[in-house]
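# Have a look; sequence and predicted model below, questions after that.
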Amino acid sequence: MPAPVSPRWTGVFPIAPTPFNPSGDLDLEGQRRVLDCMIDQGVDGICILANYSEQFVLSDAERDLLLDLCLSHVAGRVPVIVTCSHFSTSIAADRARKAHAAGRTPAAWRYRAARRSRASGGALRQAAVHRRSCRGGVGR
């Protein structure tokens with residue numbers, strides 16, 4: 001059986017922040033606005049459920065909800081990279097299986113994409129601009 005081929009990505013793949021309501025619950029409409037804002041501004045892809053997305057404060061149920069919401073809302077408009085990291089190997093493997101079953105790239109490939117983005121001159125600066133401009137569309 002041939003070895004799987006890793007996708008080759010270039011450009012800006014910012015991490016989508018996870019908005020919360022004042023009560024501390026997930027702001028699902030705000031999450032949709034974040035994704036639309038990033039896509040409207042021309043990102044090449046989006047990374048979800050990463051450290052910047054507050055992944056360590058999310059329950060497993062919230063994480064699964066965000067995985068489904070983000071993938072269905074982006075709907076193939078840009079590639080989505082799902083961060084699967086965890087201190088537990090078995091949990092990280094389970095997260096990678098879920099991301100793979102949803103048809104997305106597990107976290108292991110995220111780091112290769114980030115290295116390529118850094119080499120594209122100004123990509124990190126562009127990601128910061130995207131992040132700042134998207135914050136304005138999320139607040140209440």
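Now that the structure is in, tell me what you want to look at.

# what's the lengthiest helix in the chain packed up against?
Taking DSSP state H as the criterion, the chain has its longest helix at helix 60-74. Using 3 or more C-beta pairs under 8 Å, 6 or more residues apart in numbering; DSSP states H and E, the elements in contact with helix 60-74 are helix 28-40, strand 46-48, strand 80-82, helix 89-101. Yep, even glycine has a C-beta here, placed from its N, CA and C like the rest.

# From G11, how far out is Q55?
From Q55 across to G11, the span is 23 Å (C-beta to C-beta, to the nearest Å).

# Ranking helices and strands of this protein by mean pLDDT, which lands last?
Of all regular secondary-structure elements in the chain, judged by mean pLDDT, DSSP states H and E, the least confident is helix 110-118 with a mean of 39.

# what does stretch 55-72 contact?
16, 18, 26, 28, 31-32, 35, 46, 48-49, 53, 80, 82-83, 85, 95, 98-99, 102-104 (C-beta atoms under 8 Å, 6 or more residues apart in numbering).

# could you flag which of these are buried?
With burial judged by 16 or more other C-beta atoms under 10 Å, the buried subset of the contacts of stretch 55-72 is 16, 18, 26, 31-32, 35, 46, 48-49, 53, 80, 82-83, 85, 95, 98-99, 104.

# sorry, back to before: compare neighbour counts for Q55 and G11 and give me the winner.
Shown here are Q55 and G11; by other C-beta atoms under 10 Å, Q55 has more neighbours (20 against 17).

# Which positions in stretch 37-54 come out as buried?
Using 16+ other C-beta under 10 Å as the burial criterion, the residues of stretch 37-54 that qualify are 37-38, 43-50, 53.

# Then stretch 62-80?
By 16+ other C-beta under 10 Å, the buried positions in stretch 62-80 come out as 62-63, 66-67, 69-71, 73-74, 78-80.

# Alright, that wraps it up for me.
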